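In: Sequence plus predicted model, see below.
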Amino acid sequence: NAGVTQTPKFRILKIGQSMTLQCAQDMNHNYMYWYRQDPGMGLKLIYYSVGAGITDKGEVPNGYNVSRSTTEDFPLRLELAAPSQTSVYFCASSYSASPLHFGDGTRLSIL
Amino acid sequence: GDSVTQMEGPVTLSEEAFLTINCTYTATGYPSLFWYVQYPGEGLQLLLKATKADDKGSNKGFEATYRKETTSFHLEKGSVQVSDSAVYFCALRRDTENDMRFGAGTRLTVKP
């Protein structure tokens, strides 16, 4: 059972570079989410999607973009990386209001 | 808006000690409440949940009771093990909302 798969696990970027964090789920969940986890701050919602073709901003969307062209995939795009985006990023999925299932995270450092 | 407040850590206990991690919430209506656990280098895993007042969630020896009168969902375990060392997150979700709100997390270290 793969569940929620995130790639890459680690990445170092230079300021101003761009990259896409990949997330895929094989549970046929309709809802998908991106959170960032900063030390001592819990998880903050960046973007979420309630189904293919539908995305909405969360609490901290600035500097990020998402797309949801299929039920399975929910990539997160950083266009101009900034040091403030150094964090651990978690993708999650759920079937409507059921509990979230999380991936193992992507640890991103921007130098 | 909705929010979750957890006791600050870190918490360090000896093996077989009793564990309590406090969690209180602020929310409109009747949210579902959750405890998630995060082991080193991994994502969050659902530990237990409760969906209405006075419900008790339990799993792996952990328990938490949904107390609406005190807006609390404290996590307890009678005898912790070294393998319980992790970060624990309290969270809430309302059926009318599309996202889940998390507390800041409490790091637990259990020493042999």
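Out: All right, it came through fine. The shown structure was predicted, so the numbers you read here are calculated from the model rather than taken from an experiment.

In: So A:T7 is in contact with A:T106, correct?
Out: Yes - under the contact definition of Cβ atoms under 8 Å, A:T7 touches A:T106, with a separation of 7.4 Å. Quick note: C-beta positions are derived from backbone N, CA and C, even for glycine.

In: Contacts only, for B:K111.
Out: Taking Cβ atoms under 8 Å, 6 or more residues apart in numbering or on different chains, we find B:K111 in contact with B:T12, B:L13, B:S14, B:E15, B:V82.

In: Would you mind measuring the gap between the ends of stretch A:66-78?
Out: Using Cα to Cα, to the nearest Å, the end-to-end distance of stretch A:66-78 comes to 9 Å.

In: if we can go back for a sec, pull out the buried members of the contacts of B:K111.
Out: Neighbour counting with 16 or more other Cβ atoms under 10 Å in any protein chain shown marks B:L13 as buried within the contacts of B:K111.

In: out of the contacts of B:K111, which are inside strands?
Out: If you go by DSSP state E, the contacts of B:K111 have B:T12, B:L13, B:S14 in strands.

In: any idea how far chain A is from the first one?
Out: Distance check for B:T12 against chain A: by Cβ to the nearest Cβ, to the nearest Å, it reads 17 Å.

In: Get me the contact residues on chain A for chain B.
Out: A:4, A:31, A:33, A:35, A:40-43, A:45, A:48, A:50, A:56, A:58, A:90, A:92, A:97, A:99-105 (Cβ under 8 Å from any Cβ of the partner chain).

In: The residues you listed in strands, which ones?
Out: Restricting the residues of chain A next to chain B to those inside strands, with DSSP E as the criterion, leaves A:4, A:31, A:33, A:35, A:43, A:45, A:48, A:50, A:56, A:90, A:92, A:101-102.

In: Could you list the low-pLDDT ranges of the chain?
Out: By default, I'm working from chain A. Flagging of chain A using pLDDT under 70 yields the residue ranges A:1.

In: Let's see that with 80 instead.
Out: Residue ranges of chain A with pLDDT under 80: A:1-2, A:39-41, A:97.

In: just chain B next, same as before
Out: Within chain B, the stretches falling below the threshold (pLDDT under 80) are B:95-98.

In: Please name the nearest non-neighbouring residue to the closest residue to chain A within it.
Out: Ranked by Cβ to the nearest Cβ, the top residue of chain B for proximity to chain A is B:G43, at 3.6 Å. Computed as Cβ to Cβ, 6 or more residues apart in numbering or on different chains, the closest residue to B:G43 that is not its neighbour in sequence is A:F102, at 3.6 Å.
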